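>>> no FASTA, just this:
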């Protein structure tokens with residue numbers, strides 16, 4: 001297996017069966033994975049903040065840092081690699097309150113709400129999620145099978161079982 005690391009404020013797309021996309025240490029950040037089971041194409045975004053209007057220049061320099069610029073770019077890139085927007089299955093992890101126990105900034109919650117709004121406007125349903133709380137999470141997406149793995153509190157579990165490949169609509 002070829003592991004492709006998705007860093008903070010980063011996005012990667014996989015289109016070969018042996019590829020695994022992984023992002024680590026999701027606290028208040030959100031890790032969004034999208035996958036087209038028919039095309040066996042997937043992508044992962046690790047964004048930090050909900051809205052690029054707080055720093056438009058930085059949003060142009062690195063659109064993956066923000067939900068409002070990173071999510072549309074992720075969808076564009078997976079569709080450019082052969083995925084169909086109408087078949088995309090989206091899963092999110094993160095959005096925790098790690099260093100803000102009194103929820104003064106509530107970045108995790110704001111990141112999650114931005115995600116929901118952007119996906120809704122794009123016509124993409126969030127198929128599953130592991131968000132909120134106060135724990136760090138890691139996710140891995142196997143491109144060949146479509147399996148999505150979540151590691152949380154030292155335990156790993158499968159969020160999405162493998163999909164039949166190259167079939168259906």
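Nice, thanks for sending it over. Just so you know, these numbers come straight off a predicted model, no measurement behind them.
>>> tell me where this structure has strands.
Along the chain, counting by DSSP state E, strands occupy 2-5, 10-14, 19-26, 30-36, 41-47, 89-94, 126-131, 137-142, 148-152, 155-160.
>>> ok, which of those comes nearest residue 80?
Proximity to residue 80 (CB to CB) singles out strand 10-14 among the strands of the chain, at 8.1 Å. In this view, the C-beta of every residue, glycine as well, is placed from N, C-alpha and C.
>>> pull the contacting residues for the closest residue to residue 62 other than its chain neighbours.
Excluding the flanking residues, the one nearest residue 62 by CB to CB, 6 or more residues apart in numbering is residue 9, at 5.5 Å. Contact analysis of residue 9 by CB atoms under 8 Å, 6 or more residues apart in numbering lists 46, 47, 48, 62, 64, 65, 70.
>>> OK, contacts around the spatially most central residue of the chain?
In the chain, the centroid-proximal residue (CA atoms, centre = their mean) is residue 32; its distance is 1.0 Å. If you count contacts by CB under 8 Å, 6+ apart, residue 32 has them with 44, 45, 47, 71, 74, 90, 91, 92, 115.
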